[in-house]
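Colleague: fold the following for me, if possible:
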Amino acid sequence: MATPDTIVHLLRHGEVHNPEGVLYGRRDGFHLSELGRQMAEKVAASLQERDIVHLVSSPLERAQETAAPLALARGLEPRLDDRVIESFSKFEGKTFGKGRNALRNPATWRYLWNPFKPSWGEPYTDIVQRMTAAVADAREQAEGHEAVVVSHQLPIWTTRLHVERRSFFHDPRNRQCTLCSVTSLHFVGDKITQVSYSEPAGDLIPVGDKSAPFSAGGAPEEKKPT
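Modeller: As a prediction, this is how the structure comes out:
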């Protein structure tokens, strides 16, 4: 396998303070919890010795707060990019915690008719289009080095499915993209030759946390696009 000349790391934000269990989506006012700040510090410590020369963040507060420790460690100014923002959902603002699940309300069922698009939110193809454009720009800016893009679970996971040529249809509980995880795209020239995954803050994720459906701290997975 050829040695990659550029790597773009897709970093998911840390835990958000959200005691009401709201699907916050693109809403303002949702910040990292204390645990989320610890996660951001830990992932920054794990990446600070890497050859990172370019840092991009979603404009949402939780992403910028996750990027901040790494920006300080590397002496970088994060560039805000709307293309890596959270995906839109018709369930945004609805409550899914503490026994109040919006999916139990028949009024919401009309949004669930097509899980392949999906019918309840931004089409997967649209997410991929904006994310891959942002990744391509980050690769160019960091050519010969490494870049970090701080984004959100669904945009990162959908990008990975696209790169690995897998179906977009999936169970959200089975996304391999835990809090402050790093999905790394390894480039030779402008071609992705390898995808790797790691969880630098995995030991901080509470066991059974719904935002972390996979066990924390597992060995990194590597897979070549087919």
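
Colleague: and stretch 189-197, how far from the chain's centre?
Modeller: Distance of stretch 189-197 from its chain centroid, counting by C-alpha atoms, centre = their mean, to the nearest Å, is 17 Å.

Colleague: got the CA positions of that stretch in CSV?
Modeller: The C-alpha trace of stretch 189-197 is given here as CSV (Å, rounded to 0.1, in the frame of the first residue of the first chain):
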residue,chain,number,x,y,z
GLY,A,189,-2.7,12.5,-4.3
ASP,A,190,-6.4,13.1,-4.5
LYS,A,191,-7.4,9.5,-4.0
ILE,A,192,-8.5,8.0,-0.7
THR,A,193,-6.7,4.7,-0.2
GLN,A,194,-7.5,3.9,3.4
VAL,A,195,-9.9,4.8,6.2
SER,A,196,-8.9,4.4,9.8
TYR,A,197,-10.9,5.0,13.0
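
Colleague: next, the buried residues of that stretch.
Modeller: For stretch 189-197, a neighbour-count test (16 or more other C-beta atoms under 10 Å) marks 192, 194, 195, 196, 197 as buried. Every C-beta, even on glycine, is put in place using the N, C-alpha and C of the backbone.

Colleague: got it, and stretch 117-133?
Modeller: 118, 120, 121, 122, 123, 124, 127, 128, 130, 131, 132.

Colleague: just stretch 173-189 next, same as before
Modeller: Quick answer for stretch 173-189 (16+ other C-beta under 10 Å): 175, 177, 178, 179, 180, 181, 182, 183, 184, 185, 186, 187.

Colleague: ok, residues contacting stretch 133-144?
Modeller: For stretch 133-144, contacts defined as C-beta atoms under 8 Å, 6 or more residues apart in numbering pick out 5-6, 8, 10, 52-54, 56, 81, 83-84, 147, 149, 159, 185, 187, 190.
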